[in-house]
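# Curious how this folds, go ahead:
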Amino acid sequence: MKRSSFLASLTASAAALAFSSCATTPGPGSAAPATAASWPPADFKTVRAFVYDCEAERSVGFWHADGTMHKGVLNAPGTVLTKDQTRHLLAAIRTATPKKGRTICYVPHHAFVFCNAASQPVATLEVCFTCNKYIATPAGLPDHFDLGPLWGILHELKVPAEATKGYYRGLYKACRLQ
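Got it, this is the predicted structure:
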C-alpha cells in the first residue's frame, strides 16, 4: 500500500477512534497489580510504531480532531512490529505493575497504532518515557505498566528513542530541511 493511501486510510478512521471514547489514562483501581487487562478491545492485525516531535505544534496528542496525525511525525507511515514484538508489547502493557514515580510533564514522542485488516486504526497508545505516562485510546489499560519492553521494541525497530533534551526537536528540524 502506498504511503499516501495508508495515511488516507489512517486519517479517515482516526477521528472516530480518537473521539469514540475518553482518551485518558484509566482511573485508579482500573487494574490491580499483577492483573492483566484485555486491550485493545477491537480486532487488530498490525501494530505500527511512530516517533514524533510533539512540540512541532500546539497539540501534543498524536491524533487531531479531524483524524490527521500530528505534524511532527518523523516516520510516517510508521514502522510495523513483528508478531513477536507485538506479543511482547501486549504482555507489557496489559500487565499492571506497582505504582512508579511520575513527573507532572506529559511530552509524548512515541505512539503505537493498532490497525485492523483494512489498515484502519482501532486503538492508539501514546507514550511519554520521560514522565512514565501514557494515554490509551480507547481507555482500558492498567494505571501502571513496565515501559522498559516498549523502549526495547523501539530500539529493535530502529525507531528513534532517546532521553536527551531537544533530541526530537532536532530530528524534526533536520527532516524539515531535507
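# contacts, neighbours, all on C-alpha from now
Will do.
# hang on, isn't His155 packed against Gly148?
No. The pair His155 / Gly148 is not scored as a contact, 10.9 Å apart, by Cα atoms under 8 Å.
# mind pulling up the phi and psi values for the nearest residue to Thr46 once chain neighbours are set aside?
Sequence neighbours aside, Cys115 is the residue nearest to Thr46 in space, at 5.3 Å (criterion: Cα to Cα, 6 or more residues apart in numbering). When read as degrees, to the nearest 10, the backbone of Cys115 gives phi -120, psi 150.
# Number of residues surrounding Cys115?
20 (other Cα atoms under 10 Å).
# Could you give the bridge partners of it?
Beta-bridge partners recorded for Cys115 (DSSP bridges): Thr46, Pro121.
# okay but it is in contact with Val47, surely?
Yes. Taking contacts as Cα under 8 Å, Cys115 lies within contact range of Val47: 6.1 Å.
# Is it correct that Thr86 falls within a helix?
Yes. Under DSSP: H, G, I helix; E, B strand; the rest coil, Thr86 sits within a helix.
# For it, which non-adjacent residue is closest in space?
Nearest to Thr86 is Val47, by Cα to Cα, 6+ apart, at 6.9 Å.
# what's near enough to touch the one you found?
80-81, 86, 112-115 (Cα atoms under 8 Å, 6 or more residues apart in numbering).
# And stretch 73-92, how far out from the chain middle?
9 Å (Cα atoms, centre = their mean, to the nearest Å).
# buried stuff in it?
Of all the residues in stretch 73-92, those buried under the rule 16 or more other Cα atoms under 10 Å are 73-74, 76-81, 85-86, 89-92.
# any residues touching it, and which ones?
Taking Cα under 8 Å, 6+ apart as the rule, stretch 73-92 contacts 3, 6-7, 39, 46-53, 145-147, 149-150, 153, 157, 159, 171-172, 175.
# Just the endpoints, please. Distance across it?
End-to-end distance for stretch 73-92, by Cα to Cα, to the nearest Å: 24 Å.
# Stretch 92-100 too?
Distance across stretch 92-100, first residue to last, is 15 Å (Cα to Cα).
# Helix, strand or coil: sort out the most centrally placed residue in the chain for me.
Geometric centre of the chain, nearest residue: Ala111, 2.1 Å, by Cα atoms, centre = their mean. Recorded secondary structure, Ala111: strand (three-state DSSP).
# Before I go, just wanted to say thanks for your time.
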